[in-house]
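>>> Build me a model:
(4 chains)
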Protein chains: 2
Amino acid sequence: MKTLKYSRQRESIKEFLATRKDHPTADTVYVNIRQLYPNISLGTVYRNLSLLASLGEICKVSCGDGVEHFDSNTEPHYHFICRECGCVQDVPLDPLNDLDRMASNRFEGTIEGHTTLFFGTCRNCTEKVQKTLDKREAI
Amino acid sequence: MKTLKYSRQRESIKEFLATRKDHPTADTVYVNIRQLYPNISLGTVYRNLSLLASLGEICKVSCGDGVEHFDSNTEPHYHFICRECGCVQDVPLDPLNDLDRMASNRFEGTIEGHTTLFFGTCRNCTEKVQKTLDKREAI
DNA sequence: GTGTTTGCAAACAATTTGCAGAATT
DNA sequence: AATTCTGCAAATTGTTTGCAAACAC
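Residues are numbered from 1 along each chain as shown, chains lettered A, B, ... in the order given. Here you go, the predicted structure:
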């Protein structure tokens, strides 16, 4: 029988994630938690992130950038990743459950859900690109 | 100036990928190409897969399973990953360009496109699960 | 006291890279 | 001849794991 025991490290990881709406990586969590618990180890961060994710208290977000991101928002929702700076953001769009039905109709197997990842240029990077163009124009 | 030179290894990687509609990983490509070129190295496979992907001749598919998959079909299309066996398949559903527009309306930044990954149980695994249930019922 | 969690370091898996020699143009 | 590509091995990166001590119940 495996009961769950309290740990301040786990608690503070959960709290930290809740304060962020970007989607930090394990390493970012580590660096930040260390300000409160300087002795915490990266292994502990990874262990707790996995545990919390398997308990459904947070969720793992894979964006194809080679690193896992973590999100305190466990409601299914869409994400965006910027091709310029790699930042990950939420897209405030209700997931289309129709998509699952449409896919089921054309797929031999059981479809349980989907994730959608938008890509493009984030607001900040779009502005930067615009400024660069403006400068060129001014010459 | 960097011109592209022919290489049989690269050619055979491209040909191999074209014969497969599952979405092999670099290692699977490696194991298979080795039957034709026993001396090929994993590094060469990785280098060529990246090169081909950046040329747009194949594409990289990230499924959140920790390994990159590669696809000879460069048309944008949706994918499915099985939670049981981890296999990756195409979902024959036309990508919804509307989604990009809907997301753009609610997002400050430039949305260029999206990928969608369905998850669930593939046909094979669904059948297996069904057989297990049948057996239990029969007792 | 029993069982879980931690910090640390070592292990691992996927991918990338440096380099001398082979292949392509 | 000039340049690109390959095989090999070593390096890098992100993540997991084994273990003794610390902590929670």
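>>> rest of the way, CA atoms for contacts and neighbours
OK.
>>> got the residues of chain A near chain B?
Chain A comes close to chain B at residues A:62-64, A:66, A:91-93, A:100, A:102-103, A:106-124, A:126, as judged by C-alpha under 8 Å from any C-alpha of the partner chain.
>>> now, which of these lie within strands?
Those of the residues of chain A next to chain B mapping onto strands are A:62, A:91, A:109-122, per DSSP state E.
>>> List buried residues within these.
A:62, A:91, A:109-111, A:113-122 (16 or more other C-alpha atoms under 10 Å in any protein chain shown).
>>> and which of the residues you listed is nearest DNA strand C?
Of all those, residue A:62 has the smallest distance to DNA strand C: 12.9 Å, by C-alpha to the nearest atom of the strand.
>>> and that closest one, what does it touch?
A:68-69, B:63-64 (C-alpha atoms under 8 Å, 6 or more residues apart in numbering or on different chains).
>>> Now do the helix or strand harbouring residue A:130 and strand A:109-122, the angle between them.
Using DSSP states H and E, residue A:130 sits within helix A:123-138. Orientation check (axes from the mean of the first three to the mean of the last three C-alpha atoms, to 10 degrees): helix A:123-138 against strand A:109-122 gives 40 degrees.
>>> what does helix A:123-138 rub up against?
A:84-85, B:108-110.
>>> Now do residue A:92: how many residues are near it, please.
14 (other C-alpha atoms under 10 Å in any protein chain shown).
>>> Skipping adjacent residues, who's closest to it in space?
Leaving aside its chain neighbours, residue A:92 sits nearest to residue B:106 (6.5 Å; criterion: C-alpha to C-alpha, 6 or more residues apart in numbering or on different chains).
>>> next one: phi and psi at the one you found?
phi -110, psi 10 (degrees, to the nearest 10).
>>> quick one, what contacts it?
A:91-93.
>>> Could you dump these into JSON lines with distance to residue A:29 and pLDDT added?
Converted to JSON lines, the contacts of residue B:106 look like this (distance: C-alpha to C-alpha, whole Å; pLDDT from 0 to 100):
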{"residue": "A:91", "distance to residue A:29": "22", "pLDDT": "96"}
{"residue": "A:92", "distance to residue A:29": "24", "pLDDT": "93"}
{"residue": "A:93", "distance to residue A:29": "27", "pLDDT": "93"}
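>>> Looking at those, spot the one nearest residue A:45.
Residue A:45 lies nearest to residue A:91 out of the contacts of residue B:106, by C-alpha to C-alpha, at 26.8 Å.
>>> what about the residue nearest to residue A:92, distance to residue A:91?
Distance, residue B:106 to residue A:91, by C-alpha to C-alpha, to the nearest Å: 7 Å.
>>> same thing with residue A:79?
As judged by C-alpha to C-alpha, residue A:79 and residue A:91 stand 5 Å apart.
>>> List of residues touching stretch A:9-17?
Contacts for stretch A:9-17 (C-alpha under 8 Å, 6+ apart): A:24, A:29, A:33, A:37, A:40, A:45, A:48-49, A:58, A:70-72.
>>> Of those residues, just say which sits nearest to residue B:5.
residue A:24 (41.2 Å).
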